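Asker: model the following, please.
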Amino acid sequence: MFNKVILVGRLTRDVELKYLPSGTSIATFSLAASRNWKDKNSGESKEETMFIDVDSFGRSAEIANQYLKKGSRVLVEGRLVQDRWQDQQGQNRSKHKVMAENIKFMETKAEAQSGGYGGGDNAPSYGNDSQNNYNQPNNSYQPKSNPQAQVPQKEEQIPEIDIDDDDIPF
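Answerer: Residues are numbered from 1 along each chain as shown. Okay, here's the model as predicted:
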């Protein structure tokens, strides 16, 4: 069996952070993901927007709470889960949501500070420049390379970077 969800969208509200009795943090937020298409019959452009609840646990929940705000654009990788409960009338209820396993910030610092989608006071605040390399879009897909086809490259001097563990967001 395989249960994997990948969504890109914008937060519809600020992240809500809570703590379980065990001390584990849990962040809850809602994501709006849209799909655009042209109607074959009328040629008219159409849009469908889905609103998906997302939960994240642990350190990623704390980072999401710290850096994500309403309107922030994110990529969420996770799995689909079903919540079940009984309402006040005793009816069984359920809904699907995503349990996030990986959250990637999709905005650059400039986009976030300019107000972007959320606009004005809703724009995320990322702190000072020394802590912001992690919020750049992450092009994490790297095709597998053939080691025999690699061309040796000249060794370059890479400057040392002084980073404390407190500066790393994960």
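Asker: for the closest residue to residue 30 other than its chain neighbours, give its distance to residue 4.
Answerer: Leaving aside its sequence neighbours, residue 30 sits nearest to residue 12 (CB to CB, 6 or more residues apart in numbering; 4.4 Å). Using the backbone N, CA and C atoms, a C-beta is placed for each residue, glycine as well. Applying CB to CB, to the nearest Å, the value for residue 12 to residue 4 is 23 Å.
Asker: neighbour count winner among the two?
Answerer: Each of residue 12 and residue 4 has its neighbours counted (other CB atoms under 10 Å); residue 12 has more, 15 against 9.
Asker: and the pLDDT for the more buried one?
Answerer: What the model reports as pLDDT for residue 12 is 96.
Asker: contacting residues for it?
Answerer: 29-32, 51, 70 (CB atoms under 8 Å, 6 or more residues apart in numbering).
Asker: could the residues you listed go into TSV alongside secondary structure and neighbour count?
Answerer: As requested, these are exported to TSV (DSSP: H, G, I helix; E, B strand; the rest coil; neighbours: other CB atoms under 10 Å):
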residue	secondary structure	neighbour count
29	strand	27
30	strand	17
31	strand	24
32	strand	16
51	strand	10
70	coil	19
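Asker: so which bits of the longest helix belonging to the chain are buried?
Answerer: The longest helix of the chain (DSSP state H) is helix 58-67. Residues 60-67 are the ones in helix 58-67 that count as buried (16 or more other CB atoms under 10 Å).
Asker: quick one: low-confidence parts of this structure?
Answerer: Across the chain, the ranges flagged by pLDDT under 70 are 109-110, 112-170.
Asker: how about the helices in it?
Answerer: Here the chain has its helices, by DSSP H, at 58-67, 109-113.
Asker: thinking again about what came up before, got the contacts of residue 12 as a markdown table, with distance to residue 108 columns?
Answerer: Shown next, in a markdown table, are the contacts of residue 12 (distance: CB to CB, whole Å):
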| residue | distance to residue 108 |
| --- | --- |
| 29 | 20 |
| 30 | 23 |
| 31 | 19 |
| 32 | 20 |
| 51 | 25 |
| 70 | 18 |
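Asker: from those, which two are the most distant?
Answerer: Distance extremes for those: the farthest pair is 51 and 70 at 13.1 Å, using CB to CB.
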